[in-house]
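1. Fold the stuff below for me.
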Amino acid sequence: MFALRASCSSTLLAARRCPTFAPRFLQTTAVARAAAHEDLTTPASFLEETTFDQAVKPTQFELEDDGPPRGDGYGAPSPPLGRLGLVSKTFPLYRLHCHASRNNTIVTFTEPAGNTIAWYSGGSTKSKFKKGNRASYEAGYQCAVGIFQKIKETRNKVGDFRVELLFKGFGEGREAMKAALLAVEGNDIRHLVYQVVDRTPIKIGGTRSKKARRG
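-> Presented below is the predicted three-dimensional model:
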């Protein structure tokens, strides 16, 4: 509003300072007023000129619109793997027990039902270790090599299976079993191991421990 007043006042001031411009400006203003008066119409004339009874042609969007928007929806769920025939093969689970105590190392290979197939101890190896030597590292290593041979013979006889390795105790035979499994002697057995379990009991409270040995 203030800008419009400023522009009008500046225009009148310019017309006063320039007399030659005044007639042209006044003439132009009169013509503009007449044209504006012709464009103005009363409500009555507007109603007479406008026809509401004529049908309006619908647009293409209105012709295609037949309700609220709807999506394509989700497809049918994919069938499970079992319906496609992709069923994983299951193998019997045999067990290899390694009991490594302070006095001996005993390894036992059993069937899934628990029946013993073969076993080795520090005194039943080729070297026939005696007394405290039955718990040595070498005795445990020979036990592992001997039981690995029995596992290979059983596999050739009954077919493929998996082995669960169970440790009990913290004797030297425990480390000997792990070393033999990772060495060349365990190349044919390593891939059969399904899982490794530590079954060593942990004493929490309970009775008094055994007195330490003297000397």
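
2. and residue 110, how many neighbours does it have?
-> For residue 110, the tally of surrounding residues (other CB atoms under 10 Å) stands at 17. In this view, the C-beta of every residue, glycine as well, is placed from N, C-alpha and C.

3. same thing with residue 97?
-> 19.

4. State the distance from the nearest residue to it once chain neighbours are set aside to residue 188.
-> Among residues not flanking residue 97 along the chain, residue 108 sits closest, at 4.4 Å (CB to CB, 6 or more residues apart in numbering). Using CB to CB, to the nearest Å, residue 108 is found at 19 Å from residue 188.

5. Same drill for the two, tell me which one is more crowded.
-> residue 108 (17 against 13).

6. wait, doesn't the residue nearest to residue 97 sit right on residue 114?
-> No - taking contacts as CB atoms under 8 Å, residue 108 lies outside contact range of residue 114: 10.3 Å.

7. List the neighbours of stretch 192-199 that are in contact with it.
-> Taking contacts as CB atoms under 8 Å, 6 or more residues apart in numbering, the residues outside stretch 192-199 that touch it are 93, 151, 155, 161-168, 181.

8. Put the buried members of those residues into a ChimeraX selection.
-> To isolate the buried members of these in ChimeraX, using 16 or more other CB atoms under 10 Å:
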select :151,155,161,162,163,164,165,166,167,168,181
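
9. Which pair in the contacts of stretch 192-199 has the greatest spatial separation?
-> 155 and 168 (24.2 Å; CB to CB).

10. What helix or strand is residue 106 located in?
-> Assessed by DSSP states H and E, residue 106 sits inside strand 105-110.

11. So which residues make contact with that strand?
-> Residues outside strand 105-110 that contact it (CB under 8 Å, 6+ apart): 94-99, 116-122, 134-135, 139-140, 143-144, 146-147, 150-151, 154, 171-173, 176-177.

12. Tell me which stretches of this structure form strands.
-> Along the chain, counting by DSSP state E, strands occupy 93-100, 105-110, 116-121, 162-168, 193-198.

13. would you list those in TSV and tack on mean pLDDT and distance to residue 213?
-> Compiled in TSV, these are given as follows (pLDDT from 0 to 100; distance: least, CB to CB, whole Å):
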stretch	mean pLDDT	distance to residue 213
strand 93-100	97	19
strand 105-110	97	20
strand 116-121	96	23
strand 162-168	97	22
strand 193-198	95	26
